[in-house]
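A.B. asks: My questions are about this predicted structure, shown below with the sequence.
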Amino acid sequence: MGWNHEDWWPCWIGLFLFGMVSIAVRHDIPAARFQPWASNPFDSLHGDGNYGLLVLFPLQGLLVWLAMWAIKAKAWSEFPKGYLVVYVFSFLSKWLAAQMNVKSASLGDSIWAILFGAILRNVMAGSPQPDGRSKPLPPWLKVAQQTELYIAISLVMLCIDFTVLKPLAPRALFVSWIDTPTLFVVVAIIGASWLKIDLQTSMIMSGATFICGSSAAIALASSLGANSKSDLPIAIISVFTIPSIIALPYIAKAINISATVAGAWFGGCVDSTGAVIAAATIYGGNVAIETSAVVKMVQNVLIGPISVGVAAVWTKREERRKRELHSTLEDETLRAKSDFKPMPYGPLLWNRFPKFVLGFVLTAVLFNTVVPSGDRKTVNEFSFMVGEWFSTMSFVSIGLGLQFQELRREARLLLKLVALYALAQLIDILSTLGLAYIAFELF
């Protein structure tokens, strides 16, 4: 698998943009941010760095277009037209999420992005075709629907500051790593055996709930070779995270736990980094925000080892099943014609492993060794902002994949996934609260 494979392009794009961000910070170029607005939407555009969107918009598009050209994606030449649509909806989502009342209700840009994408998808689908299925997306829009690529780039740009991690790392590890791998496996098995969800989808749903939302879903889907099965779990998590963001801070105050315990609790059981910060902000105080961010950063690191473990186990499982199927062919002629050819385990595992995890690790190393310590906080925030644009575009892409007619046909699966998420989230909330109390109150 060469450097030009689609698995590697999130690394190249993410690392290039990380370098550009570092240079921008050295030249005192501010990050673009939507300012909160009450009644006049254009108040949101008055931030010092918002002119940077005029650079960021074409730069992101050119880099992804380069990737589409390099891998010879279908209809790659029409990517700019589709990218414009995806970016406009991302812009509108962020703009709307900056409205004060919307922001206070924790209705983040991911919700609006999925909604806008789904509305466009179903308007374009029109009436069902003779076979009952919706019309497919036109090629010019389909080529811009790059859910996995966008999320992978956003993860590569997620900086991990070792100096911030160091003081709280042992306790954050205790909260994030003690129960997460075990609960991930147990709940995935429950989903497959009791709820009769196919094992791949159940693992993606479980991992996304216990680790870090959409990033974990994409990493696990890649490890399992099931990229098409990640959209529905991500959409469910994006919608049902909102109650946790709103409720947990008030529960934390009601049961009178300390700010450090509350922050660790949010960091360990709220799905995404942005949602964690939102919950800690509602709770109030820098202590809760900093603790929640550190715990979530430590939990994000789990993406790497769990992806490797899942890829290893699933690759072995597939190899064993193919071997068993081959051995059941009684006729020697049929067995000779079988396409089963044992492949070395190492290459199989490497092909399945999500390469953007390596980009994530390399960014962390560069961030802590190359970026001056005085610039790290600003580089981290700037890089996170750029990564969030890719993340929002991924949610628009998820919406573009949600066809209401097909969702009605998959209503049973949808209900089962919601039930699995509710179970996983309840277990996560209770177990993480206990671990956070032990780590930050008793020690």
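C.D. replies: Perfect, thanks for sending it. Numbering: from 1, shown residues only.
A.B. asks: Looking at this protein, which helix is longest?
C.D. replies: In the chain, ranked by residue count with DSSP state H as the criterion, the top helix is helix 411-437.
A.B. asks: Return the distance of residue 57 relative to residue 423.
C.D. replies: The gap separating residue 57 from residue 423 is 41 Å, by Cβ to Cβ, to the nearest Å. (Each C-beta comes from the backbone N, C-alpha and C, glycine too.)
A.B. asks: what's the answer for residue 116, then?
C.D. replies: Applying Cβ to Cβ to residue 116 and residue 423 gives a distance of 30 Å.
A.B. asks: quick one on the thing from earlier: same question for the longest helix of the chain, mean pLDDT?
C.D. replies: Average pLDDT, helix 411-437: 94.
A.B. asks: Could you double-check that residue 383 lies in contact with residue 21?
C.D. replies: Yes. Under the criterion of Cβ atoms under 8 Å, residue 383 makes contact with residue 21 at 4.8 Å.
A.B. asks: Now the common contact residues for these two.
C.D. replies: Both residue 383 and residue 21 are in contact with residue 157, where contact means Cβ atoms under 8 Å, 6 or more residues apart in numbering.
A.B. asks: more crowded one of residue 116 and residue 423?
C.D. replies: Legend: neighbour count by other Cβ atoms under 10 Å for residue 116 and residue 423, higher for residue 116 (22 against 17).
A.B. asks: That one belongs to a helix?
C.D. replies: Yes. Under DSSP: H, G, I helix; E, B strand; the rest coil, residue 116 falls within a helix.
A.B. asks: returning to what we had before: same for the longest helix of the chain, what does it pack against?
C.D. replies: helix 162-177, helix 180-193, helix 199-210, helix 231-254, helix 259-269 (3 or more Cβ pairs under 8 Å, 6 or more residues apart in numbering; DSSP states H and E).
A.B. asks: would you turn these into TSV with distance to residue 86?
C.D. replies: As requested, these are exported to TSV (distance: least, Cβ to Cβ, whole Å):
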stretch	distance to residue 86
helix 162-177	33
helix 180-193	31
helix 199-210	22
helix 231-254	15
helix 259-269	30
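A.B. asks: Residue 440: which of those helices is closest?
C.D. replies: Of all the helices and strands packed on helix 411-437, it is helix 259-269 that lies closest to residue 440, at 4.3 Å by Cβ to Cβ.
A.B. asks: So which helix or strand of this structure has the lowest pLDDT on average?
C.D. replies: Lowest by mean pLDDT, DSSP states H and E among the helices and strands of the chain is helix 332-337, with a mean of 51.
A.B. asks: C-terminal to it, what's the next element?
C.D. replies: helix 345-352 (DSSP states H and E).
A.B. asks: Dump the very next helix or strand once past that following helix to CSV, restricted to CA.
C.D. replies: The helix or strand immediately downstream of helix 345-352 is helix 356-369, counting by DSSP H and E. Below are the C-alpha coordinates for helix 356-369, written out as CSV (Å, rounded to 0.1, in the frame of the first residue of the first chain):
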residue,chain,number,x,y,z
PHE,A,356,-4.8,8.3,10.3
VAL,A,357,-4.1,7.0,13.8
LEU,A,358,-0.4,7.3,12.9
GLY,A,359,-1.0,10.9,11.8
PHE,A,360,-2.6,11.6,15.1
VAL,A,361,0.4,10.2,17.0
LEU,A,362,2.9,12.1,14.7
THR,A,363,1.0,15.4,15.2
ALA,A,364,1.2,14.9,19.0
VAL,A,365,5.0,14.3,18.8
LEU,A,366,5.6,17.3,16.5
PHE,A,367,3.4,19.5,18.7
ASN,A,368,5.4,18.7,21.8
THR,A,369,8.9,18.7,20.3
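A.B. asks: so helix 356-369 versus helix 162-177, what angle?
C.D. replies: 140 degrees (axes from the mean of the first three to the mean of the last three Cα atoms, to 10 degrees).
A.B. asks: So residue 85 sits against residue 120, correct?
C.D. replies: Yes. When contacts are counted by Cβ under 8 Å, residue 85 is listed as touching residue 120 (7.4 Å).
A.B. asks: Now do the shared contacts for these two.
C.D. replies: With Cβ under 8 Å, 6+ apart as the test, residue 85 and residue 120 reach no residue in common.
A.B. asks: returning to that earlier point: what residues sit buried inside the longest helix of the chain?
C.D. replies: For helix 411-437, the neighbour count (16 or more other Cβ atoms under 10 Å) marks 413, 416-417, 420-421, 423-425, 427-429, 431-433, 435-437 as buried.
A.B. asks: same question, stretch 357-371
C.D. replies: Buried residues in stretch 357-371 (16+ other Cβ under 10 Å): 357, 358, 359, 360, 363, 364, 367, 368, 371.
A.B. asks: which residue sits closest to the first one in space, ignoring its chain neighbours?
C.D. replies: Closest residue to residue 357 apart from its sequence neighbours, by Cβ to Cβ, 6 or more residues apart in numbering: residue 304 at 4.9 Å.
A.B. asks: Next one: the one you found from residue 316, what distance?
C.D. replies: Taken as Cβ to Cβ, the span from residue 304 to residue 316 is 19 Å.
A.B. asks: Comparing these two, which residue is more hemmed in?
C.D. replies: Set residue 304 next to residue 316 and count neighbours by other Cβ under 10 Å: residue 304 wins out with 16 against 13.
A.B. asks: Check the offset of whichever strand or helix holds that one from the chain's centre.
C.D. replies: For residue 304, the host element (DSSP H and E) is helix 303-327. The chain centroid and the centroid of helix 303-327 are separated by 23 Å under Cα atoms, centre = their mean, to the nearest Å.
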